[in-house]
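Asker: Provided below for reference: sequence and predicted model.
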Amino acid sequence: MVTGLLMALAVLLDRLLGEPRRAHPLMAFGRIADALEREMNRGERRQWRGLLAWLLMVAPLTLLAWALASLPQIGWLFSVLLLYLAIGLRSLGEHAQPVAQALRVGDLPQARHRVSYMVSRQTAELDATAVAAATTESVLENGSDAVFAALFWFAVLGAPGVVLYRLANTLDAMWGYRNDRFQRFGWAAARLDDLLNWLPARLVALTYALLGNTRQAWSCWRRQAPQWDSPNAGPVMAAGAGALNVRLGGAAIYHGELHERPLLGAGWPAVADDIDRALRLVRGGVWLWLVVALAFGAVWHA
């Protein structure tokens, strides 16, 4: 029950405060990671250099989290703080809701501008349906990566687990590209993030299915997820789209190149209201996870 209470406190802190506006620890982490990559991503054996760089960035801070969480009397406070810094539930809404609002008043240029903060695809030529779909996809996927997976690893390994996961996920976002610069150096970051996200992503897909159109979500997950290039984003977005009765996926332009992505979900084309529905799905899933964690803890300690 203690773990569930700590998770609830961290979610409440995120609800009240949101992400730190300045001096978020991940900003400093990112600057150090950039400098290390420039130094080590050269010469031969770049795959091994990338793995060593990953270990240098992740292992010391994970051990520090373990030490802080183990402190007598105040260790629980550090655990709550570290989990709070790792989740971004309120931030997800703060990014997505302005897109929905702009779409509702017909301000497509503003909607395109706001969604560009959330996705890596080109947004300048997206129509209203494509903007709504891109935002809904981002809510579903980032809900899994930035919220649920952090809660999962905190539940499994406590503060060290959530720090390990958040840093690994950040390095994947920085190094895990399939291009000339990162194909070999970023291989370890990408594969380790896939590994850490494998089980949480499927629990998230199950959560989305339970809270929406369950039969359709399961059908979309089974049929469509294997076609997606990401082993974890596929189940999450296919199940989420099916649960919401909305169509997502399809062609998108990334860094000037057209990517023919499979279609996801079923039902109607995405509109502004689907962004809000996706946010409610994520928030509802978080509360479901907290209830389960509290109930499991109560039974475990009974």
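Answerer: All right, it came through fine. Numbers count the residues shown, from 1 in each chain.
Asker: Let me know how buried Pro231 is, in neighbour terms.
Answerer: The number of residues packed near Pro231 is 15, by other CB atoms under 10 Å. In short, each C-beta sits where N, CA and C put it, glycine included.
Asker: and it, that one's in a helix?
Answerer: No: using DSSP: H, G, I helix; E, B strand; the rest coil, the assignment for Pro231 is coil, not a helix.
Asker: Tell me how far it lies from Leu89.
Answerer: 24 Å (CB to CB, to the nearest Å).
Asker: Show me what counts as buried in the helix or strand hosting Asp274.
Answerer: Secondary structure assigned from DSSP states H and E places Asp274 in helix 272-300. Buried residues in helix 272-300, defined by neighbour count with 16 or more other CB atoms under 10 Å: 272, 274-279, 281-283, 285-286, 289-290, 293-294, 297.
Asker: now swap in stretch 110-124 and tell me
Answerer: Ala111, Arg112, Arg114, Val115, Ser116, Met118, Val119, Arg121, Gln122, Thr123.
Asker: Which of those residues fall within strands?
Answerer: Using DSSP state E to define strands, no part of the buried residues of stretch 110-124 is located there.
Asker: Reformat the residues you listed as JSON lines; add pLDDT and distance to Leu211.
Answerer: JSON lines is the format used below for the buried residues of stretch 110-124 (pLDDT from 0 to 100; distance: CB to CB, whole Å):
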{"residue": "Ala111", "pLDDT": "95", "distance to Leu211": "26"}
{"residue": "Arg112", "pLDDT": "95", "distance to Leu211": "30"}
{"residue": "Arg114", "pLDDT": "96", "distance to Leu211": "26"}
{"residue": "Val115", "pLDDT": "94", "distance to Leu211": "24"}
{"residue": "Ser116", "pLDDT": "92", "distance to Leu211": "29"}
{"residue": "Met118", "pLDDT": "92", "distance to Leu211": "22"}
{"residue": "Val119", "pLDDT": "89", "distance to Leu211": "24"}
{"residue": "Arg121", "pLDDT": "85", "distance to Leu211": "27"}
{"residue": "Gln122", "pLDDT": "86", "distance to Leu211": "32"}
{"residue": "Thr123", "pLDDT": "86", "distance to Leu211": "29"}
